[in-house]
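Asks: Predicted model follows, preceded by the sequence.
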Amino acid sequence: MAYQPIYLLNEGSRRTRGRDAHWMNIAAGKAVAEAVRTTLGPQGMDKMLVDSMGNVVVTNDGVTILKEMDVEHPAAQMLVEVAESQEDETGDGTTTAAVLAGELLREAEDLLDEDVHATTIVAGYRMAAEHAVSHLTDLAVDAGDDEDALAEIARTAMTGKGVGDARDHLADLVIRAARAVQEDGRVDDEDIAIETVATGAIADSVLVEGVVIDKEPVHPDMPFFVEDARIALIDTPLEVAETEIDAEVNLTDPAQLQEFIDREEAELRSLVDSLTAAGATVVFCQKGVDDMAQHYLAKAGVLAVRRAKKGDMKRLARATGARIVSKVDEIDEADLGVAGTVIQRDVGTEEFLFVEDCENPKSVTLLLRGGTEHVVEEVERSIEDALGVVSVTIEDDEVLPGGGAPEIEVAMALRDYADSIGGREQLAIEAFADAVEVVPRTLAVNLGMDPIDAVVDLRAAHDRGDVSAGLSVEAFDVADMVEEGVVEPLRVKTQAISSAQEAAQLILRIDDVVAAGNLGAADDEFGEDFDF
């Protein structure tokens, strides 16, 4: 008789296998999808997240909700990772990806109940996803180098995110910021800094073509305004260098102490003289600045900032053209950056240092305002989504209509494709088509429309060849999304389908959940490169 494997589990733990494992994992995935389903679309509702300390986040941003939720089930965490990867790749569509993954699991559950094997479902889903992505690519149209098209994309991403009538203003700021830092058809989001102030109105938000730093001059006698600034960036401390080994100085005469102090002052004065000789009128130091160095800099009329963040230093270099130097005594004029003005300003109750009027800056700052912390945090999330989709559109130059239009087209194409496929994979492809329609159904529910009637009307419109037909907030009916300016980048949709399918595939292939110890212990014992 063949020996059966014996699994030793921790006391109180339970092994889950077979259909029970499938059911448990699918239930966890569906629960995560349901948690964000009502936030989808322009009329999506908000969620209030409260932690154990009483901190509150109010948002309808899918990835924020999933990140902040206390999710412990491993299968549910996979759907959270879907949203995070969607956010990293495209900046938007996180709720769509999570909801679609949950619906794929729901459809798979029905197929499993009909004795369709999990590997067959996975194979069918993979074929369907590849066909869906290919079909969406064929449907996409060029956005063109058009500011109006980018504005429509930015407004679509911010719709329903709590920015209200300020959408047009914020969309303009986003496009200007992206265009300012664009290089070789790409936009690096690290070149666009965001600072928030919880005072004023959303419409008071501005784009600073330069860098805004939450710092102030290190000495009260330093100037608070410098025109035609020559900027030095230093990543070492403006202090007397310490010895690399422990040392002790024995003084036997007060004159020796004074000589020691004079030597330190002379060294600091030499560092400051190197900066002023190069022509620096503003100094940003990533480390500390000695009190005596502050005094000499103030006497020379130089504005200095200490302990600037590494990210701010990089953005200052990009904005002003300065080079970050490590040896102050070797700095020269070529290492300095240029800015029209460096000025300290009060913004609400906070003080910022503005480095602006830079010539062709490759780093800019969005200064966002809002009446409360909760409002300005939601505005920041909206801006990040809009920056993501605008950047993707600039890079790819391909867009699709929104409002559920591409999902209906994909569902119809998949049903036709399923007819050409033999075997049980056909059932999985048809299930994938049904799952994709969860997006227009959910949009309809969140708009207050009847989901069945809405999907039927959409199918009829697309049968007539109207590939841009989607659900309109304004008309409360089926309308042409391109005419209404509701468009989305192609990559948002293709990434959502691909990542949702991959997550569903990973969950469906699990047929056994076993309690384990430290999964990293074996690698730690045998070394990182040990392969079992």
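Replies: Ah, there it is.

Asks: Can you find the helix or strand of the protein with the lowest average pLDDT?
Replies: helix 521-526 (a mean of 48; mean pLDDT, DSSP states H and E).

Asks: Tell me where the model's unsure across this structure.
Replies: For the chain, the stretches flagged by pLDDT under 70 are 1-19, 144-145, 240-264, 513-532.

Asks: Mind splitting it into its structural domains?
Replies: With domains defined by automatic domain parsing, the chain comprises 16-142+400-513, 145-209+362-387, 212-360.

Asks: Of all the ones you listed, which one is nearest I394?
Replies: With CB to CB as the measure, domain 145-209+362-387 is the member of these nearest I394 (5.6 Å). Yep, even glycine has a C-beta here, placed from its N, CA and C like the rest.

Asks: got the residue ranges for the helices in the stretch 1-150 of the chain?
Replies: In the stretch 1-150 of the chain, the segments counted as helices under DSSP state H, counting those that start in this stretch are 18-37, 62-68, 74-90, 94-113, 118-139, 147-158.

Asks: Including distance to D191 and mean neighbour count, could these go into CSV?
Replies: Listed next are the helices of the stretch 1-150 of the chain as CSV, based on distance: least, CB to CB, whole Å; neighbours: other CB atoms under 10 Å:
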stretch, distance to D191, mean neighbour count
helix 18-37, 30, 19
helix 62-68, 22, 23
helix 74-90, 17, 21
helix 94-113, 23, 25
helix 118-139, 29, 19
helix 147-158, 17, 22
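
Asks: mind checking which of these is nearest L508?
Replies: helix 118-139 (4.8 Å).

Asks: could you dump the domains of the chain to TSV with distance to T393?
Replies: Compiled in TSV, the domains of the chain are given as follows (distance: least, CB to CB, whole Å):
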stretch	distance to T393
domain 16-142+400-513	5
domain 145-209+362-387	5
domain 212-360	22
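
Asks: Nearest to A317, out of the helices of the stretch 1-150 of the chain?
Replies: Checking the helices of the stretch 1-150 of the chain against A317 by CB to CB gives helix 74-90 as the closest, at 24.9 Å.

Asks: who touches that closest one?
Replies: Residues outside helix 74-90 that contact it (CB atoms under 8 Å, 6 or more residues apart in numbering): 24-26, 28-29, 31-33, 62-63, 66-67, 69, 71, 92-98, 101-102, 388-389, 392, 489, 491-492, 495-496, 499-500, 502-503, 506-507, 510.

Asks: same check, this time on stretch 59-67
Replies: 32, 35-36, 39-40, 44-47, 49, 57, 79-80, 83-84, 86-87, 94-98, 160-162, 377-378, 381-382, 385.

Asks: sec struct for A431, please.
Replies: helix (DSSP: H, G, I helix; E, B strand; the rest coil).

Asks: Relative to G124, how far out is it?
Replies: 7 Å (CB to CB, to the nearest Å).

Asks: Report the buried residues of stretch 473-482.
Replies: V473, V478, A479, D480, M481, V482 (16 or more other CB atoms under 10 Å).

Asks: And for stretch 156-165?
Replies: Those would be T156, A157, M158, T159, G160, K161, G162, V163, for stretch 156-165 by 16+ other CB under 10 Å.

Asks: isn't the fifth one right up against T38?
Replies: Translated: G160. No. Look at G160 against T38 with CB atoms under 8 Å: they stay out of range, at 11.4 Å.

Asks: what do these two both touch?
Replies: G44.

Asks: mind checking which helix or strand D273 is in?
Replies: Using DSSP states H and E, D273 falls within helix 254-278.

Asks: Packing partners of the next helix or strand after that helix?
Replies: As assigned by DSSP H and E, the chain's next helix or strand after helix 254-278 is strand 282-285. Under the contact definition 3 or more CB pairs under 8 Å, 6 or more residues apart in numbering; DSSP states H and E, strand 282-285 sits against strand 225-234, strand 303-305, helix 310-320.

Asks: Which residues does strand 282-285 contact?
Replies: Under the contact criterion CB under 8 Å, 6+ apart, strand 282-285 has outside partners 213, 226, 229-238, 275, 297, 302-308, 312-313, 316, 339, 342, 355.

Asks: what do you get if the cut-off is 6 Å, keeping everything else the same?
Replies: When contacts are defined by CB atoms under 6 Å, 6 or more residues apart in numbering, strand 282-285 is touched by residues 226, 229, 231-234, 238, 302-306, 308, 316, 342.

Asks: Compare those residues and tell me which is most surrounded.
Replies: Counting neighbours by other CB atoms under 10 Å, V342 comes out on top of those with 29 neighbours.

Asks: ok, back up a step: I'd like the helices and strands packed on strand 282-285 as TSV, with distance to E195 appended.
Replies: Formatted as TSV, these follow (distance: least, CB to CB, whole Å):
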stretch	distance to E195
strand 225-234	19
strand 303-305	15
helix 310-320	11
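
Asks: nearest to E183, of those?
Replies: helix 310-320 (10.1 Å).

Asks: end-to-end on stretch 32-41?
Replies: 17 Å (CA to CA, to the nearest Å).

Asks: centre of the chain versus that stretch, how much separation?
Replies: Stretch 32-41 sits 19 Å away from the centroid of its parent chain (CA atoms, centre = their mean, to the nearest Å).

Asks: when you give positions from now on, start the count at 23
Replies: Okay, residue one is now 23; in that scheme the one you just asked about reads as stretch 54-63.

Asks: Give me the contacts around it.
Replies: Against stretch 54-63 from outside (CB under 6 Å, 6+ apart): 67, 82, 84, 87, 98, 101, 117, 120-121, 124, 464-465, 468.

Asks: which one of the residues you listed sits closest to D312?
Replies: D312 lies nearest to I87 out of the contacts of stretch 54-63, by CB to CB, at 47.4 Å.

Asks: measure the closest one to A55 for me?
Replies: Remark: distance between I87 and A55 (CB to CB) = 12 Å.

Asks: do A326 as well
Replies: Plainly put, A326 is 53 Å away from A55 if you go by CB to CB.

Asks: now swap in M180 and tell me
Replies: Between M180 and A55 the distance is 23 Å, computed by CB to CB.

Asks: Phi and psi next, for E510.
Replies: phi -140, psi 150 (degrees, to the nearest 10).

Asks: ok, and the closest non-adjacent residue to it?
Replies: Nearest residue to E510 in three dimensions, chain neighbours excluded: G424, at 4.8 Å (CB to CB, 6 or more residues apart in numbering).

Asks: And E249, by the same measure?
Replies: T363 is the one closest to E249 (CB to CB, 6+ apart), at 5.7 Å.
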